[in-house]
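Chemist: Just the structure for this:
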Amino acid sequence: MMSTAQMLALGGVILVAAMSPGPDFFIVTRSSALSGRRAGMACAAGIAGGVFLWSVVSALGVAGLLAASALAFTIVKLVGAGYLMLLGVRALLAARRGGYETTADLPTGGPSALAAFRQGLLTNLLNPKVAVFFLALLPQFVPAAPTVTDTVSLGAIAAAVSLIWFSVLANVVDALRGLLARSSVRRTLDTVMGTLLVAFGVRIAFQSN
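Modeler: Take a look at the predicted model:
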């Protein structure tokens with residue numbers, strides 16, 4: 001069983017990784033900005049679900065099979081890259097179409113809570129860099145003879161830290177939504193987020209195994 005010090009260390013490393021700007025960060029930001037706190041929180045929950053699954057399969061050694069298999073890694077990499085680019089292109093098309101409301105109403109038209117959850121989950125699960133990260137990290141915290149409780153605890157800690165951070169991010173972005181009622185701001189948001197998501201997709205597609 002992990003000690004308190006090990007749990008805190010694991011939580012700290014996960015928090016630093018989660019705070020680093022990446023696909024998860026931008027997906028939560030866009031969901032919260034366009035659809036509000038509920039969608040942002042749902043997206044955060046989806047990411048946390050992905051983190052939990054990656055943590056558990058890494059602790060069990062399953063992720064090692066992915067990392068060891070060039071074909072499997074390439075498939076996950078290309079599917080994940082394609083998904084990010086799809087989300088990015090959708091945002092860019094929305095910016096190009098324009099037609100945003102010019103009233104003082106808060107922005108609408110973003111993903112629903114269910115769609116946001118799915119986006120968060122898939123963005124995390126289809127990112128091969130997440131698998132490699134957990135595969136390198138978790139062996140340092142897994143006991144020599146891990147029990148089911150140890151494995152689930154690892155996943156729960158990683159998921160909880162991720163959920164807390166991305167929930168905070170969702171609430172901060174939601175608090176700023178009043179600024180997003182302006183069509184120029186919304187167009188800029190879609191353009192920036194779309195470009196970044198496409199860039200992340202391209203980067204993942206061309207990264208080496």
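
Chemist: surely T195 meets G88?
Modeler: Yes. With contact defined as C-beta atoms under 8 Å, T195 counts as touching G88 (6.9 Å). Yep, even glycine has a C-beta here, placed from its N, CA and C like the rest.

Chemist: which residues of this structure score low on pLDDT?
Modeler: Within the chain, the segments meeting pLDDT under 70 span 1-2, 61-69, 98-111, 139, 142-146, 180-182, 208-209.

Chemist: V152 - how many residues pack around it?
Modeler: Using other C-beta atoms under 10 Å, V152 is surrounded by 14 other residues.

Chemist: Quick one: residues contacting it.
Modeler: Contacts for V152 were tallied using C-beta atoms under 8 Å, 6 or more residues apart in numbering; they are V56.

Chemist: secondary structure element for it?
Modeler: helix 148-175 (DSSP states H and E).

Chemist: Can you identify the element that follows that helix toward the C-terminus?
Modeler: Helix 148-175 is succeeded, C-terminally, by helix 183-206 (DSSP H and E).

Chemist: buried ones in that following helix?
Modeler: Across helix 183-206, burial judged by 16 or more other C-beta atoms under 10 Å covers 186-187, 189-190, 192-194, 196-198, 200-201, 204.

Chemist: and if you look at stretch 18-35?
Modeler: Those would be 18, 22-35, for stretch 18-35 by 16+ other C-beta under 10 Å.

Chemist: Without its sequence neighbours, what residue ends up closest to the residue positioned nearest the centre of the chain?
Modeler: Compute the mean C-alpha point of the chain, and by C-alpha atoms, centre = their mean the closest residue is D24, 2.5 Å away. Distances taken as C-beta to C-beta, 6 or more residues apart in numbering place I47 nearest to D24, at 5.0 Å, with adjacent residues excluded.

Chemist: Check the gap between that neighbour and V185 for me.
Modeler: 25 Å (C-beta to C-beta, to the nearest Å).

Chemist: swap in I14?
Modeler: 32 Å.

Chemist: burial count for R97?
Modeler: 10.

Chemist: Please report the distance of it from R186.
Modeler: 11 Å.
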